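> model the structure of this input:
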Amino acid sequence: MSTTAEPGLRERKKAATRQALHDAALRLAIEHGADRVTVEAIADEAGVSRRTFSNYFGSKEEALMYGDFQRIHSLIEKVRARPADETPWQALTAAAAEFYRTLGDLDPQMIAQGRLVRSHPTLVAAQAQTFAALERELAAEVTARSGQADPMAIRARLTSAVFLASLRVAWHVWLEAPPGTNLWSIVQASLAEAGSGFA
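Numbers count the residues shown, from 1 in each chain. Next comes the predicted model:
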């Protein structure tokens with residue numbers, strides 16, 4: 001019998017376990033507060049061992065931020081797929097527009113996670129680390145389509161950092177905005193304000 005499909009199945013199982021741990025962490029944090037949630041409780045909620053948790057995440061904060069990691073990684077894939085003749089900032093903003101259009105109406109859990117992060121300094125720090133972890137990957141995409149000399153990738157890293165910070169600021173502004181406020185309109189304004197030096 002062929003084993004060709006086995007790696008795919010194994011990866012799907014790993015992804016499912018990682019997602020289950022993230023969902024469990026978020027569910028418990030929303031219900032009890034992030035400070036009261038333990039790694040053991042998350043593992044129990046997801047039906048896995050403490051050791052299994054450690055195979056996927058280094059901390060409960062990392063498990064909670066996995067949703068953000070997935071969303072930003074998806075956004076990077078959209079940047080990667082943009083036409084090669086677009087400037088870095090054009091590609092970034094066009095990818096963001098596509099991403100938020102695809103995102104559509106935000107589910108209550110995602111909104112609850114956003115508010116949860118804002119109320120816990122450790123989660124704010126974890127979110128910043130999550131964004132920073134993806135900054136290099138995004139900077140590589142910026143470098144690939146930049147026509148300017150940037151031997152130390154300073155401009156690429158700065159462009160990526162400003163872009164990700166703009167998304168994070170827009171998200172927090174939106175959480176404070178009156179109900180019914182369009183998220184993309186705030187993101188668009190944030191990117192326009194930040195991107196004047198990267199056009």
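
> pull out the buried positions in the helix or strand bottoming out on mean pLDDT in the chain.
Averaged element by element with mean pLDDT, DSSP states H and E, the chain has its least confident helix or strand at helix 108-118 (a mean of 79). Of the residues in helix 108-118, those scored as buried under the neighbour-count criterion (16 or more other CB atoms under 10 Å) are Gln113, Gly114, Leu116, Val117. Any C-beta I mention is one placed from the backbone N, CA and C, and that applies to glycine too.

> wait, the third one sits on His32?
No - no contact is recorded between Leu116 and His32 when judged using CB atoms under 8 Å, the distance being 11.0 Å.

> phi first, then psi, for Phe57.
The phi and psi values for Phe57, taken as degrees, to the nearest 10, are phi -140, psi 150.

> that one - how many residues pack around it?
Phe57: 20 surrounding residues under other CB atoms under 10 Å.

> again with Pro88
The number of residues packed near Pro88 is 27, by other CB under 10 Å.

> for it, which non-adjacent residue is closest in space?
If you skip the residues right next to it in sequence, Pro88 has Val142 as its closest partner in space, 4.3 Å away by CB to CB, 6 or more residues apart in numbering.

> so the one you found versus Ala192, what's the distance?
Distance, Val142 to Ala192, by CB to CB, to the nearest Å: 18 Å.
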